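Student: build the 3D model from these lines:
(one chain, ligands or ions: 1)
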Amino acid sequence: MRALSKSQLLKWCNPLARLASRFELPRSGRDASRSLPLGDDCRPGHVYLVGAGSGDAELLTLKAARLLQQADAVVYDRLVGDDVLALLPVGGERHYVGKAKGHHSVPQAEIGALMVRLARQGKSVVRLKGGDPAVFGRMGEELDALAIAQMPATIVPGITAASSAAACMGIPLTDRGHAQQLRFVTAQLCREDGTPDWAALARRDETLVFYMGLSKVDAICAGLREAGLPDDWPIMLVANASQPDQRSLVGSLADMPGRLAAEPLPSPCVIVVGSVVKRVEASPASVANQARYACQR
Ligand SMILES: C[S@@+](CC[C@H](N)C(=O)[O-])C[C@H]1O[C@@H](n2cnc3c(N)ncnc32)[C@H](O)[C@@H]1O
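Tutor: Down below sits the predicted model:
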């Protein structure tokens, strides 16, 4: 019989091993001998654009947690939670580039130059950003700076604030009976010089999630009502989602400005608009999560 080559053997064995692992019998208790499927890639002179998630360190991806331990230098933002920063090795090189109280953020060009300088020194660099770096995270500008300097980069996605807030309130963002579309919107559009297309946003088959909108709640509620959504259309605000000091308000487009004035929420905060929000009241996950995060409604 003809002997099989190594590549032929692997071609058959790998799928069989994967299939077998799906049908393994459940083991009793926790199996400490099983290790997590971690890679070992953390290259010198390489920049990793990593999502830190919304604050709860357990919401980090395995890849993000590993890179935080292995990188030579970490460049991080204001929205990265303390629990996540606590995972960095003691004494490791860190650079804070967020906005200090009463000061401007570090200009984007300086952040790009810092990453390039560190990578040119032969360091492996983690650029750590809150949530998902690809969602309202200015990642495009940072990729451009790295491309101009011909620095290799890898993107490691994170859990964005919308997903985290919905999970912590026990609701889905889409639902066959409520929303067939999902839109992430920057509320920065609601500045005086830029009017959002309220008519396009005021849909009943969609969930809208506004980022950076805490100071624009009045404008969002008024804009959507004027464009045709009913006064009792559901809206919820979730601040510090997934963190011990998470707080939330649930109401309608008509009453939310008053609720927020009576009970101001801290930043960061996401605003979720849509009929999925009706599910908060009935959600068993909501009750559990709100107890876990000491939510206030
Ligand atoms: C510059 S954007 C960054 C978004 C981030 N890249 C993400 O994917 O979540 C900042 C906005 O994200 C939202 N945000 C970030 N973290 C949050 C959290 N833990 N709870 C609620 N909102 C959050 C707020 O709307 C905040 O104004």
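Student: does any bit of whichever strand or helix holds L49 sit next to the ligand?
Tutor: With elements taken from DSSP states H and E, the one containing L49 is strand 47-51. No - judged by CB under 6 Å from any ligand atom, strand 47-51 and the ligand are separated, with a smallest distance of 6.9 Å. Placement of C-beta: from N, CA and C, glycine included.
Student: please name every helix or strand in contact with that strand.
Tutor: Other helices and strands packing on strand 47-51, by 3 or more CB pairs under 8 Å, 6 or more residues apart in numbering; DSSP states H and E, are helix 62-70, strand 125-129, helix 139-148, strand 153-156.
Student: ok now it, how far from the chain's centre?
Tutor: Taking CA atoms, centre = their mean, to the nearest Å, the mean C-alpha location of strand 47-51 is offset from the chain mean by 13 Å.
Student: quick revisit: pick the most deeply packed of the helices and strands packed on strand 47-51.
Tutor: Among these, judged by mean count of other CB atoms under 10 Å, the one packed with the most neighbours on average is strand 125-129 (a mean of 29).
Student: close to the ligand: what parts of the stretch 151-297 of the chain are there?
Tutor: When proximity is defined as CB under 6 Å from any ligand atom, the stretch 151-297 of the chain approaches the ligand at 160-161, 165, 211-212, 238-242, 268-270.
Student: tell me which of the helices and strands packed on strand 47-51 sits nearest to G251.
Tutor: Taking CB to CB as the criterion, strand 125-129 is the member of those that comes nearest to G251, at 30.8 Å.
Student: given the closest one, what are its sheet partners and their directions?
Tutor: The strands that strand 125-129 pairs with in its sheet are strand 47-51 (parallel), strand 73-76 (parallel) (by DSSP bridges).
Student: turn those strands into CSV, including distance to L146.
Tutor: Formatted as CSV, the entries for the strands paired with strand 125-129 read as follows, by distance: least, CB to CB, whole Å:
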stretch, distance to L146
strand 47-51, 6
strand 73-76, 12
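Student: what is the neighbour count of A200?
Tutor: As a burial measure, the neighbour count of A200 was computed by other CB atoms under 10 Å and equals 10.
Student: ok, I235 - contacts?
Tutor: Residues in contact with I235 (CB atoms under 8 Å, 6 or more residues apart in numbering) are C221, V250, G251, S252, L253, M256, I271, V272, V273, V277.
Student: next, count neighbours for K216.
Tutor: Under the criterion other CB under 10 Å, the count of neighbours that K216 has is 18.
Student: again but with D255, I slipped
Tutor: The burial metric for D255, expressed as a neighbour count using other CB under 10 Å, is 14.
Student: now the one 10 residues further on
Tutor: Number of residues near L265 (other CB under 10 Å) recorded here: 18.
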